[in-house]
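# let's see this in three dimensions:
(3 chains)
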Amino acid sequence: MGQPYLRLAAAALILAAFVLGTAAFLVWFERKLLGRMQVRPGPNRVGPGGLLQPVADILKLTVKEDILPEHADRPLFRLAPLMAFVPAFAAFVVLPFGPGLVSADLNIGLLWILAVSTVSVLALIAAGWASNSKYALLGGMRAAAQMISYEVPLVLSLIGVVLAAGSLRLGRIVAAQAHLWFAVPQVLGFIVYLIAATAESNRSPFDLPEGESELVAGFHTEYSGVRFAFFFLAEYSYVFLAAAIATLAFLGGWSGPFLPPVVWFLVKTYAVIFFIIWLRATLPRIRIDQLLSFGWKVLLPLSLVNIFLVGLFRFI
Amino acid sequence: MNLAALLPAEILAGTALAVLLADLFLPHRDKAYLGLLSAAGLAAALGGTARQLAAGLHASLWGGIFLLDPFALFFQTIVLGAALLVLGVSLPYLERWGRDDGEFYALLLMAVLGAMMMVASRNFLEIYVAMELLSVSSYALAGFLRPDPRSGEAALKYYLQGVLASAALLYGISLLYGLSGSLDLSVVGARSAGSLGVVALVLVAGGFALKIAAVPFHMWAPDTYQGAPAPVAAFLSTASKAAAFAVLARVLLTAFPAAQGPWQELFAVVAAASMALGNLAALGQRNVRRMLAYSSIAQGGYVLIALAVATPTAVAASLFYLAVYVFMNVGAFSVLSFLAGPTGGEELADLDGLAERRPALALALAVFLISLAGMPLTAGLMGKLYLFYAAVQGGYAWLALWGVVFTVVSYFYYFRVLRHLFWGTAPPRPAAPAASVPAGLALGAATLATVLFGVFPQPLLQLALHSLGMLR
Amino acid sequence: MPEAFGILTLATLGGALGVVLATDVVHSAYFLVLAFLGVAGYYFLLGGEFVGAVQILIYAGAVAVLFLFAVMLTRRRADPVWGRSPARWLGVGGAAALLAWLLLTHLERHPWPTKLPPPAPHNTALIGKALFRPFVVPFEVVSVLLLAALVGALLLARKEGGAS
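Okay, the predicted model is just below:
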């Protein structure tokens, strides 16, 4: 007892604050960017440049009525938002923001992030099932189909990185890119990763589980108030995580000249996030069958080719 | 060295993949070539294995995970031979059902691969993995004629009980691993003495007993053998059974000689129950395939006598019996596969007067059934004699007596079929389709072997004894 | 870390009990996830980080999702729950109790070692080496097994007269 537990608690608190802050900031960031890309100002009323808009949103959501649909599966309905958020938080635990700046430096950090983030599918299914609504159920089913399909190329695209670095520890993966970012020799893997990660976090153009025009809002149609906020939080946490892994695994992590490592890490991560938002502003949503066949018939073979190439180069 | 010794298995795996790939590109009318390709692969693997057996190969591969000794090679030969016969019969059968797709052949080859790997493994991990390969392929094969609800039922029942047995097996293996810290058969037994080891062993044996269809793990057999495509039923009742028996024998005899007392008693009870239940239940069946299923449970009981007695003579006798059992049982199911159409045709009444309509088929079926019953001049009699003799010699006279009694009981249902064959009045019905060349070859070979090993059993028995020599 | 072990045991056993006792199949599936996660925790506790993470990835992340998928595609919430007659309770409970008694008495009687060897460091690399050296053939057999399962599943699920 004592020391290690205290340290753990402190780390958890700091992380929780960071996750909350990041998610809130991302909401503003996305809305602002989308606004500019669509030639409108975006949020600009609350605070300087609308920066406090998310705070106002959160306040609104916390005081809003928490509605439980009739005939809903109560325990699951209540649990689902937590199930969505906890894995995201657990993934942050092993995320290194700089050399040594990590809550728990796991031997298998990359695998841990992949493993716990798959658990969030269960939350989406639970939400869809428990809501007792056809839109929510369809959204949940789509989410499950999509996430299972894109999980495979996602993991396979990262195997190339693990092969090249010879380790699953995120610090070692960054260190292995001291001379050359993995994005350069494994450009194929990088592209597959970006697409799969976008789909994995249910972002446009792969946002079918919550396609407004078809499913109202997908699995979280019936949610309101704090529970809705949790889903929101989880979604933006995953966007940040996806970008952070892209940074660590393909873009050299925190390494860079002049600026301190943490800054470099955040700059690269936000660059990737910018790219993901840019995709949303530019591309139309695709159809569910196109989505699935694209994942299995294009991305999967490509990621296998990537592994093969990496293996070949390692062998030579 | 390692890879070269496993060449037959590699040929099989390669053929299975080639069949799957070729299936994509072949037009529908040319699918029969896939069957021939599979037959070629099986024949090559059979030739390779037989050569290894003749050369007396005894090789421990990959640090003891595999043991290619004459015992393993003997069973590999049995399995491959059975598969080749089954394949020959399947060609016209599938064509008649209009389902001559490549998947059937690929799955059959994969099942054979699993069985081959199973009998040669000396490590629980490999045993389990190979057995699952055999099982999963078998489930799919049993449900191959999916539009027929009985085929679906066959697959589902086999699957559900198979999964349960797998779970028991895994639970037993996990206990053994916990006790011994190893999965290696040569280590596990010595380190898992004690009562917990016996409990684990019973669980493991339960997992294999399902494949042998021994009581009390026999419930799937009647429905599956009846509903599955007839050639698949033939495969399940022979090759799959033989492979499971081989693994069971190897596990018990090589890894757990220390716990011999308990498992001998266990298998004496299982064998007796299988003989009794199989033979008695077969009496009441009007459907010939269902009757053969119960008969197959009973035959499994005869073979399990060997594990109760656990002397080298008894185990050699079981090897002999399983080898000849392949010919007679595959043969019997094959004849049925020619007669049956999508509308059934496997009831006793459907066999009425077959001797007039198709004398060759009727004669072949008669030979197989006489052999299954254990009449003179057939391999079945010699096999039963060896088994019962070994039982008496090993101090299990009551089990031998029990076997003789139920053999006599079995005469009733086997001869009832013969009565329908030769003395039934044939109602006018469309002639059964003509047998094709591969099917004719398979059936002819099976008939010949059944008679031949009945008249000259010595060489095969010598081989069985020799295969056993180095088991321990 | 006895506290961690206790918590994990509670989660695993509670999850397992929930699987059998829950009246709704979907709830059973979620209890199963809890049990899976508990087992993954044991692996971490024993120093098998890789196995633990794979347990989460495969079982909680993939197998459970597949279960849920199957349940939702085949069953409606209005379907009646299968009967829970006292006879069934007695039968199932009796069988379970018998098995538990059998195992527990024998487990207790066995002289288990009280000291475990420390887990090997770098066991991820060790697993990789074991898979590709001594266990390479079982590894390949597993790949054939998965192929067989894939082909078999397609065969059984394919629409009649569909692309063949």
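# hey, let's count contacts and neighbours off CA atoms from now on
Will do.
# neighbours of residue 140, how many?
Picking chain A for this. Other residues within reach of A:G140, judged by other CA atoms under 10 Å in any protein chain shown, total 28.
# that answer is for a different chain, and I need it for chain B
Residues near B:A140, counting by other CA under 10 Å: 32.
# in what helix or strand does the residue nearest the centre of chain C lie?
Nearest residue to the geometric centre of chain C (CA atoms, centre = their mean): C:F36, 5.9 Å. The secondary structure element spanning C:F36 is helix C:25-45 (assigned by DSSP states H and E).
# ditto for B:G301
Using DSSP H and E, B:G301 falls within helix B:288-309.
# all helices for the chain, in order.
Picked chain A for this. Under the criterion DSSP state H, chain A contains helices at A:3-37, A:53-63, A:74-92, A:109-130, A:134-165, A:170-175, A:187-200, A:212-215, A:225-250, A:261-282, A:288-294, A:300-315.
# the chain in question should be chain C.
With DSSP H applied, chain C shows helices at C:2-21, C:25-45, C:49-55, C:64-74, C:86-109, C:123-132, C:136-157, listed in chain order.
# which one of these lies nearest to chain A?
For the helices of chain C, distance to chain A was read as CA to the nearest CA. The smallest value, 5.6 Å, belongs to helix C:49-55.
# close to chain A, is the closest one?
Yes: judged by CA under 8 Å from any CA of the partner chain, helix C:49-55 comes into contact with chain A through C:E49, C:F50, C:A53, C:V54.
# distance check, the third one against chain B.
Read that as C:A53. Between C:A53 and chain B the computed distance is 20 Å (CA to the nearest CA, to the nearest Å).
# circling back: output the helix holding B:G301 as PDB, restricted to C-alpha atoms.
Extracted in PDB, the C-alpha atoms of helix B:288-309 (Å, rounded to 0.1, in the frame of the first residue of the first chain):
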ATOM      1  CA  VAL B 288     -30.700 -49.400 -42.700                       C
ATOM      2  CA  ARG B 289     -28.400 -46.400 -42.300                       C
ATOM      3  CA  ARG B 290     -29.600 -45.900 -38.700                       C
ATOM      4  CA  MET B 291     -29.200 -49.500 -38.100                       C
ATOM      5  CA  LEU B 292     -25.600 -49.300 -39.300                       C
ATOM      6  CA  ALA B 293     -25.100 -46.400 -37.000                       C
ATOM      7  CA  TYR B 294     -26.100 -48.400 -34.000                       C
ATOM      8  CA  SER B 295     -24.000 -51.300 -35.300                       C
ATOM      9  CA  SER B 296     -21.100 -48.900 -35.500                       C
ATOM     10  CA  ILE B 297     -21.500 -48.000 -31.800                       C
ATOM     11  CA  ALA B 298     -21.400 -51.700 -31.000                       C
ATOM     12  CA  GLN B 299     -18.300 -52.200 -33.200                       C
ATOM     13  CA  GLY B 300     -16.700 -49.400 -31.300                       C
ATOM     14  CA  GLY B 301     -17.400 -51.300 -28.200                       C
ATOM     15  CA  TYR B 302     -15.700 -54.400 -29.500                       C
ATOM     16  CA  VAL B 303     -12.600 -52.400 -30.300                       C
ATOM     17  CA  LEU B 304     -12.600 -50.700 -26.900                       C
ATOM     18  CA  ILE B 305     -12.100 -54.200 -25.300                       C
ATOM     19  CA  ALA B 306      -8.500 -53.700 -26.300                       C
ATOM     20  CA  LEU B 307      -8.200 -50.700 -23.900                       C
ATOM     21  CA  ALA B 308      -9.800 -52.600 -21.100                       C
ATOM     22  CA  VAL B 309      -7.500 -55.500 -21.500                       C
END
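# and the residue in chain B that chain A sits nearest to, what is it in contact with?
With distances taken as CA to the nearest CA, chain B approaches chain A most closely at B:L24, which sits 16.2 Å away. B:L24 makes contact with no residue under the criterion CA atoms under 8 Å, 6 or more residues apart in numbering or on different chains.
# so which helix or strand takes in it?
The secondary structure element spanning B:L24 is helix B:7-25 (assigned by DSSP H and E).
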